[in-house]
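Asks: take this sequence and fold it.
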Amino acid sequence: MKKTALLLLPLAMASCNYLGIPDGDVSGNILGTQPSGTIRMALRGTTLNGGQAPALDQGNLGTFNPQKRVYSISLPATPVDGGYELFAYVDSNGNNTFDSTEKRTSDSQTFAYSKDGTGSKSGENLLNLKAGWTQYKGATVVKSGTPFTGVDLNW
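Replies: Take a look at the predicted model:
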């Protein structure tokens with residue numbers, strides 16, 4: 001029986017993504033005084049003027065543990081090239097989607113996705129992205145490639 005359990009463990013772990021358990025592409029803490037209510041994570045596409053670009057299923061992004069105040073999310077498997085903003089919010093109306101009237105973390109983390117990379121593909125700046133996911137702050141590249149750990153948000 002023990003051998004069977006040990007053989008099935010890797011299969012179970014490999015299937016986590018298929019069961020809705022996040023891959024942990026992005027993880028971190030949510031710091032500050034947590035407001036009351038249901039806390040959710042949102043990843044939404046953004047444009048240069050801050051508008052929403054590609055619409056994503058914000059309600060099924062990842063796992064947030066309100067007691068430990070940590071989160072882990074999976075980034076979309078087939079995203080559209082562009083910029084994305086990650087933040088936590090209080091889902092006050094229970095619709096699993098961030099609405100502009102809902103309280104959100106005071107800061108957000110920003111990511112860019114490029115299927116083929118841009119420019120020289122060196123990853124040195126936003127004009128020369130490596131293929132895949134890149135975390136950036138302002139116009140500075142923080143890290144290219146998943147996983148992104150220690151990505152903290154603040155209320």
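Asks: where do the helices sit along this protein?
Replies: With helices called from DSSP state H, the chain shows them at 2-14.
Asks: quick one: low-confidence ranges for it?
Replies: 1-23, 47-64, 66 (pLDDT under 70).
Asks: burial of the closest residue in space to residue 40 that isn't next to it in sequence, as a residue count?
Replies: Closest residue to residue 40 apart from its sequence neighbours, by C-beta to C-beta, 6 or more residues apart in numbering: residue 91 at 4.7 Å. Using the backbone N, CA and C atoms, a C-beta is placed for each residue, glycine as well. Neighbour count of residue 91, defined by other C-beta atoms under 10 Å: 19.
Asks: contacts only, for residue 91.
Replies: Neighbouring residues of residue 91 by C-beta atoms under 8 Å, 6 or more residues apart in numbering: 37, 38, 39, 40, 97, 98, 102.
Asks: find the nearest non-adjacent residue to the first one, please.
Replies: Beyond its immediate neighbours in the sequence, the residue positioned closest to residue 37 (C-beta to C-beta, 6+ apart) is residue 90, lying 4.1 Å away.
Asks: please report how far the one you found lies from residue 142.
Replies: In this view, residue 90 and residue 142 are 27 Å apart by C-beta to C-beta, to the nearest Å.
Asks: these two - which one has more neighbours?
Replies: residue 90 (18 against 14).
Asks: please name the residues that touch the more buried one.
Replies: Residues in contact with residue 90 (C-beta under 8 Å, 6+ apart) are 35, 36, 37, 38, 39, 40, 102, 103, 104.
Asks: residue 134 too?
Replies: 111, 112, 113, 114, 123, 126, 141, 142, 143, 144, 145.
Asks: any figure for the gap between the residue nearest to residue 37 and residue 148?
Replies: Residue 90 is 24 Å from residue 148, by C-beta to C-beta.
Asks: what subset of the contacts of residue 91 is buried?
Replies: With burial judged by 16 or more other C-beta atoms under 10 Å, the buried subset of the contacts of residue 91 is 39, 40, 97, 98, 102.
Asks: farthest pair within those?
Replies: The span of these, defined through C-beta to C-beta, is set by 39 and 97 at 14.0 Å.
Asks: which strand residues bridge the closest residue to residue 124 other than its chain neighbours?
Replies: Nearest non-adjacent residue to residue 124, counting by C-beta to C-beta, 6+ apart: residue 141, 6.8 Å away. Here residue 141 sits in beta bridges with residue 136, going by DSSP bridges.
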